[in-house]
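1. build the 3D model from these lines:
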Amino acid sequence: MLSGKRPLDFTTADFRLDKEEKKEGEWRLLLKPNDYREVQNITMNFYANGRASIDVLLTNHSPISFRGTISLKQN
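-> Next comes the predicted model:
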C-alpha cells in the first residue's frame, strides 16, 4: 500500500521473505512485496565483519543500493 509519493515509502504486511546463510556468519534476506508492484524485491546482505548492503529492484526506476556497517547500540 502506497503511503507516500516516493517508491520506497510504503507499508506492507503481505510479502514473501526468504533467508539463506551464504557462508558461516553471512546471511542474505530476500523480501518480495505481494501487494506493492513498485518494488520487485529488496535484498539484504549481512556479513560477519559487521558490513551490510541493501539492494532494491524497482519496477519503474533505476535500482537503489545502500552500503554500511551495523553495530550494537550502546545504552
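
2. listing partners with orientation, what would you give for the host helix or strand of Arg16?
-> Assessed by DSSP states H and E, Arg16 sits inside strand 15-23. Strand pairing for strand 15-23, determined by DSSP bridges: strand 26-33 (antiparallel).

3. which neighbouring elements make contact with the helix or strand following the strand it pairs with?
-> Next helix or strand after strand 26-33 toward the C-terminus (DSSP H and E): strand 39-46. Judged by 3 or more C-beta pairs under 8 Å, 6 or more residues apart in numbering; DSSP states H and E, strand 39-46 is in contact with strand 26-33, strand 51-58. C-beta: built from backbone N, CA, C; applies to glycine.

4. avg pLDDT for the first one?
-> For strand 26-33, the mean pLDDT works out to 96.

5. ditto for the last one
-> For strand 51-58, mean pLDDT rounds to 96.

6. contacts for that strand?
-> Contact with strand 51-58 is made by 7-8, 38-46, 63-70, as judged by C-beta atoms under 8 Å, 6 or more residues apart in numbering.

7. measure the closest residue to Asn34 other than its chain neighbours to Pro33 for me?
-> Computed as C-beta to C-beta, 6 or more residues apart in numbering, the closest residue to Asn34 that is not its neighbour in sequence is Asp14, at 4.4 Å. From Asp14 across to Pro33, the span is 7 Å (C-beta to C-beta, to the nearest Å).

8. more neighbours, these two?
-> Pro33 (19 against 9; other C-beta atoms under 10 Å).

9. surely that one is in contact with Leu17?
-> No: between Pro33 and Leu17 there is no contact under C-beta atoms under 8 Å: 10.3 Å.

10. how close does Gln74 sit to Gly68?
-> 17 Å.

11. surely Asp18 meets Ile42?
-> No: here Asp18 does not reach Ile42: they are 11.3 Å apart, not a contact under C-beta under 8 Å.

12. those two: which is more packed in?
-> Taking neighbours as other C-beta under 10 Å, Asp18 and Ile42 compare with Ile42 leading, 19 against 11.

13. let's see the pLDDT reported for the more buried one.
-> At Ile42, the model reports a pLDDT of 96.

14. skipping adjacent residues, who's closest to it in space?
-> Per C-beta to C-beta, 6+ apart, closest to Ile42 is Leu31, 4.5 Å.
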